[in-house]
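Asker: Only the shape, not the letters, is given here:
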């Protein structure tokens, strides 16, 4: 594991044209209150895991049952689509008839797009790279999405989705952001504030929070809210795969950079370029950035499975960092740790 302190903490990077993540947790709360599928997810207090790591307390925010979609991503794209349906008015099941949302996904984001489109009468087209398991493609089709395979990696499938949006006049709904594309991903990240608000409503400030990141949307939204509520009382550490150090490399360079690496088994985190909005937020709010190897991520899975918390290398990456080398992360025996179990185990 590599770990790097954030030299930009508190001030952030100079990114004048990039909005910082939203802090309006009331907006998703109000919309989700009208959703029959919405329910607060469980926050576990697990002394068995605390003993395994050698710390005082481990809290696990369990996103595996979020709105029946199996991950925190249910709070993102579906929230954007619901917001647009509310603005459109009319019967909810036809509010967005005639609209097509297109995206690229490593699986969970695509499910959120597909579910939101299906509920409000829109169409969803999801581009998948060759590395995404066919089981995810099948789940997307079951939600009514058209699945298109293109590209060896996520970045190539996103470029294909962007071209399709331009060609057909579809709405591109990415969970990342880049120059000239900020409005919808900013709204999408706002949806993730619900997760963070549930945490701060349910517990007092821990000493350490470990947030896994792909393009960084969830990590940045959660970090933004935790800073707003808990201030500097908590140390926030962002965890990425060594094979996809998008945020780590950007913080090290002091600017957004494209990275390269092999395909990671942490598939939902295997993103080689960070979201601009996420980078802006995390440069200000995160204390440190850590990289974990494939073996380190895999080692956490049997520990969690034995504890009844089965997940994937992506979903367990934050816990994996704490399990592998707590000393490097500054986790002493009196540490109180929060991790997010971000997705269910692969079926």
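Answerer: Structure received. Just so you know, these numbers come straight off a predicted model, no measurement behind them.

Asker: What is the least confident helix or strand in this protein?
Answerer: In the chain, the helix or strand scored least confidently by mean pLDDT, DSSP states H and E is helix 134-142, which has a mean of 91.

Asker: on contacts alone, who are the packing partners of that one?
Answerer: Packing contacts for helix 134-142, counted by 3 or more CB pairs under 8 Å, 6 or more residues apart in numbering; DSSP states H and E, involve helix 108-119, strand 123-128, strand 146-149. Bear in mind the C-beta positions are built from the backbone N, C-alpha and C, glycine included.

Asker: and with 7 Å instead?
Answerer: helix 108-119, strand 146-149 (3 or more CB pairs under 7 Å, 6 or more residues apart in numbering; DSSP states H and E).

Asker: quick one, which of the ones you listed is packed in tightest?
Answerer: helix 108-119 (a mean of 27; mean count of other CB atoms under 10 Å).

Asker: angle of that helix against helix 134-142?
Answerer: Taking axes from the mean of the first three to the mean of the last three CA atoms, to 10 degrees, one finds helix 108-119 and helix 134-142 inclined to each other by 10 degrees.

Asker: Tell me where the stretch 151-300 of the chain has strands.
Answerer: 171-172, 208-212, 235-241, 288-292 (DSSP state E, counting those that start in this stretch).

Asker: in the sheet, who's paired with residue 343?
Answerer: Counting by DSSP bridges, residue 343 is bridged to residue 71.

Asker: give me every residue that touches it.
Answerer: Contacts for residue 343 (CB atoms under 7 Å, 6 or more residues apart in numbering) come out as 63, 64, 70, 71, 108, 268, 311, 312, 314, 315.

Asker: ok, and the most crowded of these?
Answerer: Using other CB atoms under 10 Å as the neighbour criterion, residue 315 leads these with 33 neighbours.

Asker: In contact with the residue nearest to residue 324 when sequence neighbours are not counted: list those residues for me.
Answerer: Using CB to CB, 6 or more residues apart in numbering and skipping residues adjacent in sequence, the residue nearest residue 324 is residue 296, 4.5 Å away. The neighbours of residue 296, taking CB under 7 Å, 6+ apart as the test, are 1, 320, 324.

Asker: The stretch 51-200 of the chain: helices as residue ranges?
Answerer: Using DSSP state H, counting those that start in this stretch, the helices of the stretch 51-200 of the chain run over 77-88, 108-119, 134-142, 154-168, 183-191, 193-202.

Asker: so of the contacts of residue 296, which ones are in helices?
Answerer: 320, 324 (DSSP state H).

Asker: how about the contacts of residue 296 in JSON lines, adding neighbour count?
Answerer: Putting the contacts of residue 296 into JSON lines (neighbours: other CB atoms under 10 Å) gives the following:
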{"residue": "1", "neighbour count": "15"}
{"residue": "320", "neighbour count": "29"}
{"residue": "324", "neighbour count": "19"}
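
Asker: between the contacts of residue 296, which is nearest residue 148?
Answerer: residue 320 (32.1 Å; CB to CB).

Asker: show me the contacts for the closest one.
Answerer: Applying CB under 7 Å, 6+ apart, the residues near residue 320 are 292, 296, 297, 299, 300.

Asker: list the buried ones in stretch 173-187?
Answerer: 173, 174, 175, 176, 177, 178, 181, 182, 184, 185, 186, 187 (16 or more other CB atoms under 10 Å).

Asker: again with stretch 89-102
Answerer: 95, 96, 99, 100, 101, 102.

Asker: State the mean pLDDT of it.
Answerer: The average pLDDT for stretch 89-102 rounds to 93.

Asker: Can you give the contact residues for that stretch?
Answerer: In contact with stretch 89-102 (CB under 7 Å, 6+ apart) are residues 81, 84-85, 88, 113, 117, 120-125, 161, 164-165, 170-173.
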